[in-house]
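J.: Structure, please.
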Amino acid sequence: MRRTMAVALLALPLLAPLPAAATFADDLASHANRGAGRPIPPATPRLPIGPAGSRFYAPPARLLDGPAGSVIWARRATGMAALPAAGRSVLVLYRSRSLGGRPIAVSGTILVPAGAPPAGGWPIVSWQHVTTGSADSCAPSRATSDNPEVERMTRGDVIATRLLRAGVAVARSDGEGIGTPGPHPYLVGRSLARAQVDIVRAARAVDPGVSRRWVAAGHSEGGVASLFSASEGQRLAPELDLRGAAAAAPVAAMRELLDSVRRVPLAIPPFDGLTALGALVIAGAADADPALGALIRHGAMSPTATALLAHVEQRCLVELTRRDSWGGLAPAAIPGPRFAEARPFLYRFLDANDVRWIDLRRVPVRIDHGLLDLVAPFTITEEIVRVQRERGADIAYVRHPTASHVDIASDAQAGPAIVDWIVARLRR
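T.: Numbering: from 1, shown residues only. Below is the predicted model:
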């Protein structure tokens with residue numbers, strides 16, 4: 001209890017298509033891609049062009065059925081989603097499956113290096129982003145300079161740029177329900193892994209020069225995604241060649257963290273950030289488990305907290321921490337009269353999605369963590385490493401004495417070493 005209470009006190013916020021005659025290849029071939037200065041090669045598959053703006057993310061239901069990872073439509077990425085280091089930047093809407101097995105659409109970006117692919121094709125990294133929130137406006141592919149969440153939405157650009165310059169393609173999924181219709185199952189491993197795996201399939205459909213060799217990588221919530229992909233990726237996509245997984249500051253032990261602070265009566269930092277994260281966790285659990293969701297919406301939370309649940313689908317993380325949202329609610333003000341009834345269901349759900357207990361023996365794993373991390377304390381990560389190594393997992397664990405949760409994957413901290421490890425895995 002002493003350790004989990006210390007964790008809590010240190011926690012801070014992460015906190016209709018164009019006519020069939022027009023195809024994706026035709027569209028790209030007629031424009032020089034930003035930063036590349038050359039047309040798209042004619043080998044690009046002829047995929048439907050998606051509509052511009054928010055309509056890109058909301059396809060008609062009749063287009064959802066199809067193989068996981070197949071492309072619904074695509075278009076040239078523009079603005080902050082298109083990185084200068086990429087030869088081609090593509091906004092893609094691809095098919096996946098929800099936790100309940102329903103066909104869904106997931107959005108993301110595909111970044112391909114400039115020039116011709118090497119023999120065997122471009123190896124690819126599927127990068128999963130940090131927590132930005134669950135609202136559609138929090139999707140990294142929708143990043144704009146005036147979005148209050150823009151720093152987190154673009155935090156993966158440094159790693160992506162280094163990978164592109166090393167001759168590695170990058171796929172960046174927004175994740176289930178972020179940008180596209182439906183809820184986002186926050187920190188739910190199966191959902192995160194499916195989105196991360198299926199965008200690799202989509203990348204190979206968008207560009208035939210992308211190879212089967214891939215690595216899962218991510219930061220914070222994206223680190224959780226990558227560890228679940230390490231566990232499940234080969235089963236989900238046996239036709240692909242998963243070479244490893246890299247996780248920067250993965251989040252774990254949410255059960256202990258939430259339990260240790262649920263009686264805190266203060267709505268001040270750092271608890272404003274913690275309640276915002278708790279809102280994402282609770283809303284994600286409610287959507288993933290219908291029985292638990294019924295309890296959460298009918299008495300497990302206070303009337304004030306229940307009313308604020310709508311903010312999860314309307315605001316990004318930085319906005320959830322504000323006084324007029326979850327940041328103005330003390331942890332002790334969240335439980336309702338039926339919380340004791342819901343708590344065992346919630347804690348079982350959190351345990352089932354805790355990276356400490358999954359099987360990481362299937363592929364090599366690298367984990368980087370900062371000793372100054374006040375969001376996901378390194379002591380929890382070291383427990384993950386210890387438990388998994390005892391089971392026989394091949395884990396390279398690197399401590400960074402001056403790194404925080406925010407800058408762990410930056411150029412000044414673990415970013416270059418993470419990229420070097422990934423490239424080495426892909427070249428074996």
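J.: Quick one: the strands in the stretch 1-150 of the chain, in order.
T.: In the stretch 1-150 of the chain, the strands defined using DSSP state E, counting those that start in this stretch lie at 71-76, 88-97, 103-112, 122-128.
J.: Of all the ones you listed, which one is nearest residue 199?
T.: strand 103-112 (4.9 Å; CB to CB). From N, CA and C alone the C-beta is placed, and that goes for glycine too.
J.: Sort out which residues of the closest one are buried, please.
T.: Under the neighbour-count criterion of 16 or more other CB atoms under 10 Å, strand 103-112 has 104, 105, 106, 107, 108, 109, 110, 111, 112 buried.
J.: roughly how far apart are the second one and residue 228?
T.: To tie it back to what came earlier, the one meant is residue 105. When distances are taken as CB to CB, to the nearest Å, residue 105 and residue 228 turn out to be 21 Å apart.
J.: Then the last one?
T.: Computed as CB to CB, the residue 112 to residue 228 distance reads 26 Å.
J.: coming back round to it: quick check, nearest of the buried residues of strand 103-112 to residue 339?
T.: The shortest distance between residue 339 and any of the buried residues of strand 103-112, using CB to CB, involves residue 104 and amounts to 30.8 Å.
J.: Just list whatever residues bridge to the closest one.
T.: residue 96 (DSSP bridges).
J.: Repeat that for the one 4 residues further on.
T.: Judged by DSSP bridges, the bridge partners of residue 108 are residue 92, residue 173.
J.: And the pLDDT for residue 46?
T.: In the predicted model, residue 46 carries a pLDDT score of 80.
J.: same check, this time on residue 61
T.: Each residue has a pLDDT score; the one for residue 61 is 96.
J.: same deal with residue 237?
T.: The predicted structure scores residue 237 at 98 on the pLDDT scale.
J.: now swap in residue 25 and tell me
T.: Confidence at residue 25, expressed as pLDDT, is 52.
J.: Also the one 3 residues further on?
T.: In the predicted model, residue 28 carries a pLDDT score of 49.
J.: how does this structure divide into domains?
T.: As recorded under automatic domain parsing, the domains making up the chain are 2-11+254-352, 24-252+358-427.
J.: And those, which one averages the lowest pLDDT?
T.: Note on these: lowest mean pLDDT is at domain 2-11+254-352, with a mean of 87.
J.: helices or strands next to the helix or strand harbouring residue 319 in the packing?
T.: Under the criterion of DSSP states H and E, residue 319 resides in helix 317-320. Contact partners of helix 317-320 among helices and strands, from 3 or more CB pairs under 8 Å, 6 or more residues apart in numbering; DSSP states H and E: helix 271-288.
J.: Toward the C-terminus from the helix it packs on, list the very next helix or strand.
T.: Past helix 271-288, further along toward the C-terminus, the next helix or strand under DSSP H and E is helix 290-295.
J.: Extract the CA atoms of the helix or strand that comes right after that following helix and return them as CSV.
T.: Moving toward the C-terminus from helix 290-295, the first helix or strand encountered (DSSP H and E) is helix 303-308. Listed in CSV are the C-alpha atoms of helix 303-308, where the atom choice follows Å, rounded to 0.1, in the frame of the first residue of the first chain:
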residue,chain,number,x,y,z
PRO,A,303,-24.5,11.6,-10.2
THR,A,304,-21.8,14.2,-10.9
ALA,A,305,-19.3,11.7,-12.2
THR,A,306,-22.0,9.9,-14.3
ALA,A,307,-22.9,13.3,-15.9
LEU,A,308,-19.3,13.9,-16.8
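J.: In helix 303-308, which residues are buried?
T.: For helix 303-308, the buried set under the neighbour-count rule, 16+ other CB under 10 Å, comprises 305, 306, 308.
J.: Please list all residues in contact with the last one.
T.: Read that as residue 308. Contacts here follow CB atoms under 8 Å, 6 or more residues apart in numbering; on that basis residue 308 touches 279, 325, 326, 329.
J.: now the residue nearest to residue 301 when sequence neighbours are not counted: how far from residue 166?
T.: With sequence-adjacent residues excluded and distances taken as CB to CB, 6 or more residues apart in numbering, residue 301 is closest to residue 336, at 4.7 Å. Counting by CB to CB, the gap between residue 336 and residue 166 amounts to 51 Å.
J.: More neighbours: which of these two?
T.: Neighbours per residue (other CB atoms under 10 Å) separate residue 336 from residue 166, with residue 336 holding more: 20 against 16.
J.: Let me know whether the more buried one touches residue 305 as I believe.
T.: Yes: contact between residue 336 and residue 305 holds when scored by CB atoms under 8 Å: they sit 7.2 Å apart.
J.: which residues do the two both contact?
T.: What both residue 336 and residue 305 touch, as defined by CB under 8 Å, 6+ apart, is an empty set.
J.: Do a quick rundown of the helices in the stretch 101-250 of the chain.
T.: Secondary structure of the stretch 101-250 of the chain by DSSP state H, counting those that start in this stretch: the helices cover 150-153, 157-165, 189-206, 221-236.
J.: Tabulate these in TSV, adding columns for distance to residue 365.
T.: Listed next are those as TSV, based on distance: least, CB to CB, whole Å:
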stretch	distance to residue 365
helix 150-153	24
helix 157-165	17
helix 189-206	14
helix 221-236	5
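J.: No further questions, thank you.
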